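In: dropping the sequence and predicted coords here.
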Protein chains: 2
Amino acid sequence: MKKRPGSLEALTDALRCLPGVGPKSAQRMAYHLLQHDREGADTLGHAILHALQQIHHCSSCNTYTETGLCETCSDPERDASLLCVVETPADQMMIEQTLMYKGLYFVLMGRLSPLDGIGPRDIFFDKLMQRASDGKVREVVLATNFTSEGEATAHYISETLKARNIAVTRIARGVPAGGELEYVDPGTIARALLDRRPA
Amino acid sequence: MKKRPGSLEALTDALRCLPGVGPKSAQRMAYHLLQHDREGADTLGHAILHALQQIHHCSSCNTYTETGLCETCSDPERDASLLCVVETPADQMMIEQTLMYKGLYFVLMGRLSPLDGIGPRDIFFDKLMQRASDGKVREVVLATNFTSEGEATAHYISETLKARNIAVTRIARGVPAGGELEYVDPGTIARALLDRRPA
């Protein structure tokens, strides 16, 4: 019975560490790289090893950075009294793209998920508490996702912060911009009704 | 506006060389590797570079190997008079798993697809012709896929081989094992009727 060469087998196995990649996709990816994109594969191999060496967490906001303090945290124009808590750097990018927020961030790098064994330690909870208690922060804006894990995370953080007398807010839920009521789910409309505000 | 660190950006870009990976998945993969699987990422980086260095085409059957001649081609137990032509090493593995075929292989590493600019040169056509004309091969079994490209490839190869007086066969089409006629597509049934054989 024919076996695949060892280094091909090793590559296929290694590709499975990528999220959403099973045995069939891993095999397809390995063949693709070797057959159609050796140059891209070389770039990828080096990019992974380089990133592992260069990237670490910002000492202040916990996002990925190549320097000790990230670009955003070192920006003197930022409003240090506002601290926005997000789950991932991707979420942070989305908020940055609105151009509406001028405060600082704290990136949890995850969300509480007891079922997956992800507890406060995994979302850098102590680092967040220390960051929020620096004396400059006057309001913590919770911008975790509106999934059950994101909500639980927001709840957990807000309870702890309130106990320390730090003001906490949560970004608003409601009908999305451009949303038509007919096509919005009832849960969202219910929330939008509850959270209605003076027009 | 916050930018991502250069090496993270480079990693995200590099991941897009994988088939089926767009900008969003690439970003998700990059974050996953950095946050949750640094060890896996390190293994992957090295596995890619190692495979690129080690893997090349078998001088006889064109499949991937770390040696000059692959394991199958160097096996003296194999029937050198039969040559099975497949599109990919994955197809070859599937045929091996049947334990029914004892001949040798030729792996095209693709299929003819003029629309994608894939011509005879890209499927190692000359190498196949040379291989099939070695004097030992008495029958070439075409096992390319039954897609339009696979069929066109089989047709192209069989025409050329027939012109050189080499016997060519094509693996059978028909109702799959365990198939119920009610759930099989009409094209397959039509083919099964046409290719009917004495019971």
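Out: Nice, thanks for sending it over.
In: what strand or helix carries A:Gly45?
Out: Element membership for A:Gly45, per DSSP states H and E: helix A:38-54.
In: low-confidence stretches in chain A?
Out: Low-confidence regions of chain A, defined here as pLDDT under 70, cover residues A:1-3.
In: next up, the contacts around the most centrally placed residue in it.
Out: Centrality entry for chain A: nearest residue to the mean C-alpha point is A:Thr88, 0.8 Å, by C-alpha atoms, centre = their mean. Contact analysis of A:Thr88 by C-beta atoms under 8 Å, 6 or more residues apart in numbering or on different chains lists A:Val107, A:Leu108, A:Met109, A:Gly110, B:Tyr31. Yep, even glycine has a C-beta here, placed from its N, CA and C like the rest.
In: dump the residues you listed to a markdown table, plus distance to B:Leu44, secondary structure and neighbour count.
Out: Written out in a markdown table, the entries for the contacts of A:Thr88 read as follows (distance: C-beta to C-beta, whole Å; DSSP: H, G, I helix; E, B strand; the rest coil; neighbours: other C-beta atoms under 10 Å in any protein chain shown):
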| residue | distance to B:Leu44 | secondary structure | neighbour count |
| --- | --- | --- | --- |
| A:Val107 | 24 | strand | 24 |
| A:Leu108 | 25 | coil | 23 |
| A:Met109 | 20 | coil | 20 |
| A:Gly110 | 21 | coil | 17 |
| B:Tyr31 | 15 | helix | 19 |
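In: ramachandran angles for A:Thr65?
Out: The phi and psi values for A:Thr65, taken as degrees, to the nearest 10, are phi -150, psi 160.
In: ok, now which ones touch it?
Out: A:Ile55, A:His56, A:His57, A:Cys58, A:Glu71, B:Pro5.
In: can you count the residues close to the nearest residue to the last one once chain neighbours are set aside?
Out: Think B:Pro5. When the adjacent residues along the chain are set aside, B:Pro5 lies closest to A:Glu66, with 4.4 Å between them (C-beta to C-beta, 6 or more residues apart in numbering or on different chains). One way to gauge burial is a neighbour count; for A:Glu66, by other C-beta atoms under 10 Å in any protein chain shown, it gives 17.
In: quick one: A:Val86 from chain B, how far?
Out: For A:Val86, the distance to chain B equals 12 Å [C-beta to the nearest C-beta, to the nearest Å].
In: same check, this time on A:Asp134
Out: When distances are taken as C-beta to the nearest C-beta, A:Asp134 and chain B turn out to be 20 Å apart.
In: check contacts around that residue.
Out: The contact partners of A:Asp134, by C-beta under 8 Å, 6+ apart, come to none.
In: roughly how far apart are it and A:Ile166?
Out: Distance, A:Asp134 to A:Ile166, using C-beta to C-beta, to the nearest Å: 10 Å.
In: same deal with A:Glu182?
Out: As for A:Glu182, its distance to A:Ile166 is 41 Å (criterion: C-beta to C-beta).
In: which of the two has more residues huddled nearby?
Out: A:Ile166 (17 against 5).
In: surely that one touches A:Ser133?
Out: Yes - contact status for A:Ile166 versus A:Ser133: in contact at 7.1 Å, counting by C-beta atoms under 8 Å.
In: for the next helix or strand after the helix holding A:Gly45, which strands pair with it and how are they oriented?
Out: In the C-terminal direction, the helix or strand that comes right after helix A:38-54 (DSSP H and E) is strand A:56-57. For strand A:56-57, sheet partners with direction are given as strand A:64-65 (antiparallel), following DSSP bridges.
In: what's the neighbour count on the nearest residue to A:Leu112 once chain neighbours are set aside?
Out: The shortest distance from A:Leu112 to any residue that is not its chain neighbour, by C-beta to C-beta, 6+ apart, is 4.4 Å, and that residue is A:Thr153. The burial metric for A:Thr153, expressed as a neighbour count using other C-beta under 10 Å, is 25.
In: what do you get for the one 4 residues further on?
Out: Other residues lying near A:Ile157 total 25 when counted by other C-beta under 10 Å.
In: ok but it is inside a helix, no?
Out: Yes - checked against DSSP: H, G, I helix; E, B strand; the rest coil, A:Ile157 lies within a helix.
In: quick one: the helices in chain A?
Out: Ranges of helices within chain A are A:6-15, A:23-36, A:38-54, A:89-97, A:125-132, A:148-163, A:186-194, based on DSSP state H.
In: can you tell me which of the contacts of A:Thr65 are buried?
Out: The neighbour-count test (16 or more other C-beta atoms under 10 Å in any protein chain shown) applied to the contacts of A:Thr65 identifies A:Ile55, A:His57, A:Cys58, A:Glu71, B:Pro5 as buried.
In: from A:Leu83, how far out is the fourth one?
Out: Put plainly, it is A:Glu71. From A:Glu71 to A:Leu83 the distance is 17 Å (C-beta to C-beta).
In: and stretch A:112-130, which residues are buried?
Out: Neighbour counts using 16+ other C-beta under 10 Å place A:Leu112, A:Ser113, A:Ile118, A:Pro120, A:Asp122, A:Ile123, A:Phe124, A:Phe125, A:Lys127, A:Leu128 of stretch A:112-130 among the buried residues.
In: touching chain B at all, stretch A:14-32?
Out: Yes - applying C-beta under 8 Å from any C-beta of the partner chain, one finds stretch A:14-32 touching chain B at A:14-15, A:17-20, A:25, A:27-32.
In: now distance to B:Gln97 too, for the buried ones among the contacts of A:Thr65, in a markdown table please.
Out: Converted to a markdown table, these look like this (distance: C-beta to C-beta, whole Å):
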| residue | distance to B:Gln97 |
| --- | --- |
| A:Ile55 | 41 |
| A:His57 | 46 |
| A:Cys58 | 50 |
| A:Glu71 | 53 |
| B:Pro5 | 45 |
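In: ok, so of these, who is nearest A:Glu139?
Out: Proximity of the buried ones among the contacts of A:Thr65 to A:Glu139, judged by C-beta to C-beta, is greatest for A:Cys58, which lies at 20.4 Å.
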